[in-house]
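Undergrad: Need a 3D model of the sequence below.
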Amino acid sequence: MSIESEWKQMNTNEDEELSSLLNQRKLQTLSSKSPLQKLKRSLFINMIFGIVICFAYIIIVAVFHIWQVQLAIFIELVFSAWTVYSAFMQYKKLNVSITSSPVLTELKRHHETFTKWIALQMRVSVAIYPISVAGGFMLGGVLGSNKPVTVFMSHPVVQIALLICIIVMVPAAYYLAKWMFKLSFGKHLKLLQENITSLEKEI
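TA: Predicted coordinates for the structure are as follows:
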């Protein structure tokens, strides 16, 4: 049986004659290993974490009445809300039941859109991370020194420390996010690409 047939079979049991020719255990294995299903599940988990983070930012903004920190956290909140929304839109577009359209075309489309979605998230995050680091730095400084931001940040050594934190932590946060994307979606995208390659060889 070709991989395209297997892809269609793993998402439908309507054709009883065809189902009778397939080993039921093999069918269950194919279904459980569907990379599109696993990508959709990972997206759902990603959205849940994003929503939790948004609520955490809202609490910080409400509790700490430091406008510089509130501004930085609000920008982070907008970014996090956008990531949740974009993940939700990606979730809606991810069709795990490929039964009518050409399988190869659909798999390529999903792989391309998902890869572009991750790349966009990473590009936007580069502009957000310095703001996040600055907001966290100011909040920690105010709580540690018990002084207003303007007083705390007026010292040159503190300003230099903030600059060093941004230089060090922004790349670290970027590669951490990249690693987390790879951990959440990497192996499923790799399996999806392997299916695409196998289908292309059959043509």
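Undergrad: use CA for all of it now, contacts and neighbours both
TA: Will do.
Undergrad: Run through the neighbouring helices and strands of the longest helix along the chain.
TA: Longest among the helix segments of the chain by residue count, using DSSP state H, is helix 103-145. When contacts are defined as 3 or more C-alpha pairs under 8 Å, 6 or more residues apart in numbering; DSSP states H and E, helix 103-145 sits against helix 3-10, helix 67-93, helix 149-152, helix 156-181, helix 187-202.
Undergrad: Ile53: which of those helices is closest?
TA: Closest to Ile53 of the helices and strands packed on helix 103-145 is helix 67-93 (C-alpha to C-alpha; 7.3 Å).
Undergrad: Distance from the chain centre to the closest one, please.
TA: 12 Å (C-alpha atoms, centre = their mean, to the nearest Å).
Undergrad: What is the subsequent helix or strand relative to the helix or strand of the chain with the lowest mean pLDDT?
TA: In the chain, no helix or strand scores lower on mean pLDDT, DSSP states H and E than helix 24-32, which sits at a mean of 39. Later in the chain than helix 24-32, the nearest helix or strand by DSSP states H and E is helix 35-63.
Undergrad: Show me what counts as buried in that next one.
TA: Judged by neighbour count (16 or more other C-alpha atoms under 10 Å), helix 35-63 contains these buried residues: 35-40, 42-44, 46-47, 50-51, 53-54, 57, 60-61.
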